[in-house]
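In: what's the 3D shape of this:
(2 chains)
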Amino acid sequence: MSYYNEEFETLPRQALEALQLKRLQTTVARVYASVPFYRQSFDRAGITPDSVKSLTDLQRLPFTLKQDMRDSYPYGLFAAPMEEIVRIHASSGTTGKPTVVGYTRKDIDTWSELMARSFAAAGVHRGDIIHNSYGYGLFTGGLGAHYGAEKLGASVIPMSGGNTKKQIMIMKDFGSTVLTCTPSYSLFMAEAAREEGLDFQGLKLRVGIFGAEPWSEAMRGEIEEKLNLCAIDIYGLSEIMGPGVAIECREAKKGLHIWEDHFIPEIIDPDTGEILPEGERGELVITTITKEGIPLIRYRTRDITSLTYEPCVCGRSHARLTRMTGRSDDMLIVRGVNVFPSQIESILMGIEGVEPHYVLIVDRKENLDSLEVQVEVDERLFSDEVKVLQSLSHRIEKEIKDILGVSCRVRLVEPQTITRSEGKAKRVIDNRINS
Amino acid sequence: MNVEQISIFIENKSGRLAEITKVLGDAGVNIRALSLADTSDFGILRLIVNDREKAKLVLQEKGFTVSKTEVVAVEVPDRPGGLSQILQALDRDQINVEYMYAFVERCGENAVIIFRFDETGKAIKTLSENGFTVLEGARLYAM
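Out: Numbering: from 1, shown residues only, chains lettered A, B, ... in the order given. Coordinates of the predicted model:
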């Protein structure tokens, strides 16, 4: 077994829960004192910080939604003064406004440790050369994995995404032993390497840590075979921290351990908000209990999963989440970028001032996500000239790329092509689920 | 002076042209001229018909996107260089042709070409000044 912080990773449940309660109480007091949003929402629910006396009291606290973060854009939910914030990240959001998160120095230390623990759980150690192909920038993936790798004491290559040929050359020449990227990009690299005549069997890669988009067991099999490594699923979201919120252990590869000394997970029925029993699938809700910059109480992740507290062969006492199987809202993750259909809708409305019928078709072609936006051509959009229609589709493609940061292909279709059910069009067809 | 063309949006998939011509045929609409512009994804079918209102109505009822566009019908001397003379006259006045196609029927000794211009009024003026015959819509639909 390889732990990064054995004491905390294997803390007996009773001690772990006592620690959770103490930290929860501190966090509740902190947000009540310093974040007007929480003070108001606790007051409305008739909750005072000292009324949280047990972990079950958590269930009485109101949820925090992504919308609450948008309403507080950019810094409204920060619980620390700007003088203490040393890092700002953001994730894409609807109408072009991102969701902003801030980290104090302690938050960065915590994140680095949890990412280091995650690397260790995946079997990574000092001496490993980590090829980090997560994007560096506002997106938390690149820097999150980077700091964790340094904390662990491994050598990190800050590749970021793109330039696949160079990625492959460096991976080979630098002797990378660990790869971190999205699962679809790993397969894309494998394909590109094959075209270059390079065999992954000859590389030193032994572990791949993949996340930021949903993937399946079948895809794990394909990645492990084509890249000749052990593929590990990692989970995280910028609102909560970034990558390293939960990870599979190498020993079981069955469920992702969520670091419970820093996060309290709950599974709820997304429609009623009620807590579901252990093992049932529902929406994951996370409360951060050590964060200073932007602590979140009962944040609704919209990710669908289930939770188990069964002991794991790896010896870690932290609960496990099953593989994410979808979302309780309509958010799509395309090549690691969050896309809401409503964002595409507002872009379309912005272009022609009308609300056209559209559908988003997501597919995985040659192991890379592809997004096609089908737009029905009605009389307001139609022209008898080819160039007018072509420039319309190019404009939509460009706007989506500029605003959402994701390339797509726009296809103009005849009216009534897009299926309507009960008067409401089906906006998303995700063909990746079966691939 | 101008001629009305109807334009129909069609996806590149089999059977669409057959569907359109059947709808028009069933409604007793006669196609006088046509042109099809196509890209890899979609096409635009442009028609001159004897009854524009009826054609538009029956196609819209079937869910097609239809628009009406003003085009210009010009008699072209049916001899080598006939069309070239028209295009040269337009070029001298810097009038851009968006697209053009030939009419099925002849008009006496002449062929008829349908033009789509950016500046229809200016184009008609140039054509008339250069002695070309621009055909009335009513005459064309009944041809």
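In: all contacts plus neighbour counts: C-alpha atoms, from now on.
Out: Will do.
In: what does the longest helix along chain A rub up against?
Out: As assigned by DSSP state H, the longest helix anywhere in chain A is helix A:13-34. Helix A:13-34 is touched from outside by A:38-39, A:42, A:49-50, A:52-55, A:79-80, A:260-262, A:264, A:288-291, A:295, A:297, A:317, with contacts defined as CA atoms under 8 Å, 6 or more residues apart in numbering or on different chains.
In: need the buried ones from the residues you listed selected in ChimeraX.
Out: A single ChimeraX command selects the buried members of the contacts of helix A:13-34 (16 or more other CA atoms under 10 Å in any protein chain shown):
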select /A:38,39,42,49,52,79,80,260,261,262,264,288,289,290,291,295,297,317
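In: quick one: distance of the longest helix of chain A to the chain centre.
Out: Between the mean C-alpha location of helix A:13-34 and the chain-wide mean there is a distance of 25 Å, by CA atoms, centre = their mean, to the nearest Å.
In: which ones are touching the closest residue to chain B within the stretch 51-200 of chain A?
Out: Nearest residue of the stretch 51-200 of chain A to chain B, counting by CA to the nearest CA: A:Phe188, 26.3 Å away. Listed by CA under 8 Å, 6+ apart, the contact set of A:Phe188 reads A:Glu366, A:Asn367, A:Leu368.
In: which element is it on?
Out: Here A:Phe188 sits within helix A:183-195, counting by DSSP states H and E.
In: just B:Val74 next, same as before
Out: Applying DSSP H and E, one finds B:Val74 within strand B:66-77.
In: any weak-confidence spans in chain B?
Out: By pLDDT under 70, the low-scoring segments of chain B are B:1.
In: for chain B, which residues are neighbours of chain A?
Out: B:7-11, B:37-39, B:41-44, B:46, B:63-67, B:69, B:98 (CA under 8 Å from any CA of the partner chain).
In: what's the burial count for residue 28?
Out: Chain wasn't specified; assuming chain A. 24 (other CA atoms under 10 Å in any protein chain shown).
In: ah, no, chain B please
Out: By other CA under 10 Å, neighbour count at B:Gly28 equals 13.
In: show me what contacts it?
Out: B:Gly28 makes contact with no residue, according to CA under 8 Å, 6+ apart.
In: how about residue 65, what does it touch?
Out: No chain specified, so I'll use chain A. Residues in contact with A:Leu65 (CA under 8 Å, 6+ apart) are A:Tyr299, A:Arg300.
In: looking at chain B here, not the other one
Out: Per CA under 8 Å, 6+ apart, neighbours of B:Thr65: A:Val377, A:Asp378, A:Glu379, A:Phe382, A:Glu414, A:Pro415, B:Ile8, B:Phe9, B:Leu59.
In: ok, now with 6 Å
Out: Listed by CA atoms under 6 Å, 6 or more residues apart in numbering or on different chains, the contact set of B:Thr65 reads A:Asp378, A:Glu379, B:Ile8, B:Phe9.
In: same question, A:Val377
Out: Applying CA under 6 Å, 6+ apart, the residues near A:Val377 are A:Val413, A:Glu414, A:Pro415.
In: just the ones of these in strands?
Out: Residues of those located in strands (DSSP state E): A:Val413.
In: which stretches of the chain form helices?
Out: All of this is about chain A. A:6-9, A:13-34, A:36-44, A:66-71, A:105-121, A:140-152, A:164-173, A:183-195, A:217-227, A:341-352, A:386-404.
In: the intended chain is chain B.
Out: Under DSSP H, chain B gives helices at B:16-26, B:52-61, B:82-92, B:120-129, B:137-141.
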